[in-house]
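J.: Fold the following.
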Amino acid sequence: QEQLVESGGGLVQAGGSLRLSCAAAGRTFSRYILGWFRQAPGKEREFVASLLSSEIAADYADSVSGRFTISRDNAKNTVYLQMNSLKPEDTAVYYCAAGTVWPMRELSRINYWGQGTQVTVSS
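T.: All right, here's what the predicted structure looks like:
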């Protein structure tokens, strides 16, 4: 059974950093586009970042560009999201996602979802 499992969420003060990890199991995701979405309370799930399997191109939402960095380790079947200069508006449940269509900004292009990890940024 294919599975994406996130970790690394938590509570951090504004201006701080967190690193999220997403480990894939059940199949090899090395050829998939891997990415992150987030959903704040009362809001729709939104795109955060994605990375091609070859790592030659990454895509970021304007709201996180310059602060967040996505990376992956295909040998470990893992994708990461380094989040710096966090703001209270970054508070959300962060979801790992895998798909095959680039750019991977639309929810309809996601083949697999993780269960989510909570990130809370205090002011």
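J.: Quick check: the gap between D90 and A25.
T.: Noted for D90: a distance of 27 Å to A25, by CB to CB, to the nearest Å. Every residue, glycine included, has its C-beta placed from N, CA and C.
J.: What is the burial count for the closest residue to I33 other than its chain neighbours?
T.: When the adjacent residues along the chain are set aside, I33 lies closest to M104, with 4.7 Å between them (CB to CB, 6 or more residues apart in numbering). Residues near M104, counting by other CB atoms under 10 Å, number 24.
J.: What separation do you get for M104 and N111?
T.: For M104, the distance to N111 - CB to CB - is 10 Å.
J.: ok, the helix or strand where V121 lies: who's next to it in the sheet?
T.: Element membership for V121, per DSSP states H and E: strand 117-122. According to DSSP bridges, strand 117-122 forms sheet pairs with strand 10-13 (parallel), strand 92-99 (antiparallel).
J.: Grab the most central residue of the chain for me.
T.: W36 (2.2 Å; CA atoms, centre = their mean).
J.: List the contacts of it.
T.: Applying CB atoms under 8 Å, 6 or more residues apart in numbering to W36 gives the contacts 20, 22, 48-50, 70, 79, 81, 94-97.
J.: do that again at 6 Å, thanks
T.: By CB atoms under 6 Å, 6 or more residues apart in numbering, the contact list for W36 reads 48-49, 81, 94.
J.: Quick one: which of those residues is the most crowded by neighbours?
T.: L81 (27 neighbours).
J.: Tell me the pLDDT of that residue.
T.: The confidence metric pLDDT takes the value 98 at L81.
J.: Kindly report the same for T91.
T.: So, for T91, pLDDT stands at 98.
J.: Could you shift the numbering so residue one becomes 7, and keep it that way?
T.: Okay, using 7 as the starting number, the last item reads as T97.
J.: pretty sure it contacts S128?
T.: No - using CB atoms under 6 Å, T97 is not in contact with S128; the gap is 8.5 Å.
J.: higher neighbour count, these two?
T.: Per other CB under 10 Å, whichever of T97 and S128 has more neighbours is T97, with 18 against 11.
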